[in-house]
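Chemist: structure, please.
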Amino acid sequence: IATQDPLAAAMAAFPEGSIPPVASSTLFVGNLPWTTTEDSLSEYMQAVGPVMSVQIQAHEDTGRSKGWALVEYGSPEMATYAIQRFHGLDFNGRTLNVRLDRTEIEKLAGVSVFCGNLPWSVKSEELAAIFAAYSPFDVHVKTFQTGKSRGFGIVRFSTEEAAQAAITSLNGFEVEGRMLEVREDRPRPADAAPAPRRPRPARPTPMMMVGMPAPLPPAEPSPSLYVSNLAWVTTSDDLFQHFSTAGAPVSANVQMNDKTGRSKGWGLVTYASVELAEQAKNALHKSELDGRPISVRFDAKNA
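Modeler: Residues are numbered from 1 along each chain as shown. Okay, here's the model as predicted:
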């Protein structure tokens, strides 16, 4: 007997318009070539109607583009049409990622639910369909600048009761052969104490290298993980959310250069137990974060 795919069943049961969109006239436009100017992007985006403003985001210290921009139209309807028109199109050799800007949406009150272990093919619309019976007011699958899914989403509800009902019902729900992890979202506390700094090892001199002992063995298991090869644009919140896909960490901190304010390209992630840390290390070593394969190992200093 043929069985209906759970995702297809959820989509079929999803009443159109039951997830009220949050009106916004501003779009996030990602995966831009570094050479893109505000004038060239404005000219391109005006194909669907007048553009009120274009702001290409740049690093404060270097002035170099971050590869994304905010584009404002005159109405939410025009912005929605622009998403349909431009998302996925080629722009000077790069595939555009166009969606609503979520700056104002993220400020709305509500109860947030984390949904992890999503198949890469699941977009926000499919995830909204799965949660439709519990009436969330916002559903968003997190993506990289390229538009590729990061494997998790945030679903927001007006009441605690609706959020808990969704968690109880959908945690473990199977989609395309993967069991969803649905739980209360636990964002990194804004006042969380920064992770202790790791001292820079002394550079060996020729004299030191004579008779140098063999390299130290791998660090013993500990609740703290050392994460390297981070993209310069990766923030502590990005790191926290990425590792939340393998279990909720206690803290996640990208290490910053005191003088420049730029990332050092590595961070520390701490879990409540060695077992949880090992689970995350095994799951996320060589996983992709902001377009780079990260390296995850136990933190030798805290072993």
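
Chemist: which stretches of the chain have low pLDDT?
Modeler: Within the chain, the stretches with pLDDT under 70 are 1-23, 104, 145, 187-219, 302-303.

Chemist: residue boundaries of the helices in it?
Modeler: Applying DSSP state H to the chain gives helices spanning 6-13, 38-45, 76-86, 124-131, 160-170, 206-209, 236-244, 274-284.

Chemist: and the last one, how far from the chain's centre?
Modeler: Here helix 274-284 shows a centroid-to-chain-centroid distance of 19 Å under the convention Cα atoms, centre = their mean, to the nearest Å.

Chemist: count residues in the vicinity of M52, would you?
Modeler: Counted with other Cβ atoms under 10 Å, residues neighbouring M52 total 14. Placement of C-beta: from N, CA and C, glycine included.

Chemist: next up, the contacts around it.
Modeler: Residues in contact with M52, defined by Cβ atoms under 8 Å, 6 or more residues apart in numbering, are S25, E72, Y73, G74.

Chemist: who's in contact with V139?
Modeler: By Cβ under 8 Å, 6+ apart, V139 lies in contact with I19, S124, L127, A128, F131, G153, I154, V155, R156.

Chemist: circling back to that earlier point, filter the contacts of M52 down to the buried ones.
Modeler: Buried by 16 or more other Cβ atoms under 10 Å: S25, E72, Y73, out of the contacts of M52.

Chemist: quick check, the second one in contact with S53.
Modeler: Yes: A contact is recorded between E72 and S53 when judged using Cβ atoms under 8 Å, the distance being 4.6 Å.

Chemist: please name whichever of the helices of the chain is nearest to L108.
Modeler: Among the helices of the chain, the nearest to L108 by Cβ to Cβ is helix 160-170 (14.2 Å).

Chemist: list the contacts of stretch 228-242.
Modeler: Stretch 228-242 is contacted from outside by 66-67, 142, 145, 150, 152, 187-188, 227, 249, 251-254, 262-263, 265-267, 269, 284, 287, 289-295, using Cβ under 8 Å, 6+ apart.

Chemist: I figured V111 hits E161, correct?
Modeler: No: contact criterion Cβ under 8 Å: V111 and E161 do not qualify, at 9.1 Å.

Chemist: the more surrounded of those two?
Modeler: Between V111 and E161, counted using other Cβ under 10 Å, the more crowded position is V111 (19 against 11).

Chemist: so what does T260 look like in phi/psi?
Modeler: The phi/psi pair for T260 (degrees, to the nearest 10) reads phi -100, psi -20.

Chemist: any idea how far R64 is from it?
Modeler: 13 Å (Cβ to Cβ, to the nearest Å).

Chemist: ok, A300 next?
Modeler: A300 sits 33 Å away from R64, going by Cβ to Cβ.

Chemist: again with P119
Modeler: Distance check for P119 against R64: by Cβ to Cβ, it reads 34 Å.

Chemist: more neighbours: the two, which one.
Modeler: More neighbours surround P119 than the other of P119 and R64, with 14 against 10 (other Cβ under 10 Å).

Chemist: next, count neighbours for the residue nearest to that one when sequence neighbours are not counted.
Modeler: The shortest distance from P119 to any residue other than its chain neighbours is 4.2 Å, reached at E176 (Cβ to Cβ, 6 or more residues apart in numbering). By the measure other Cβ under 10 Å, the count of residues near E176 is 13.

Chemist: where's E176 relative to V250, distance?
Modeler: For E176, the distance to V250 (Cβ to Cβ) stands at 31 Å.

Chemist: and for F28?
Modeler: Distance, F28 to V250, by Cβ to Cβ: 30 Å.

Chemist: and if you look at G172?
Modeler: Distance of G172 to V250, computed by Cβ to Cβ: 24 Å.

Chemist: the two: which is more packed in?
Modeler: Between G172 and V250, V250 has the larger neighbour count (other Cβ under 10 Å), namely 18 against 10.

Chemist: you'd agree the more buried one is up against L268?
Modeler: No: counting by Cβ under 8 Å, V250 does not reach L268; the two are 10.8 Å apart.

Chemist: wait, the residue nearest to P119 sits on S121?
Modeler: Yes: using Cβ under 8 Å, E176 makes contact with S121 at a distance of 6.8 Å.
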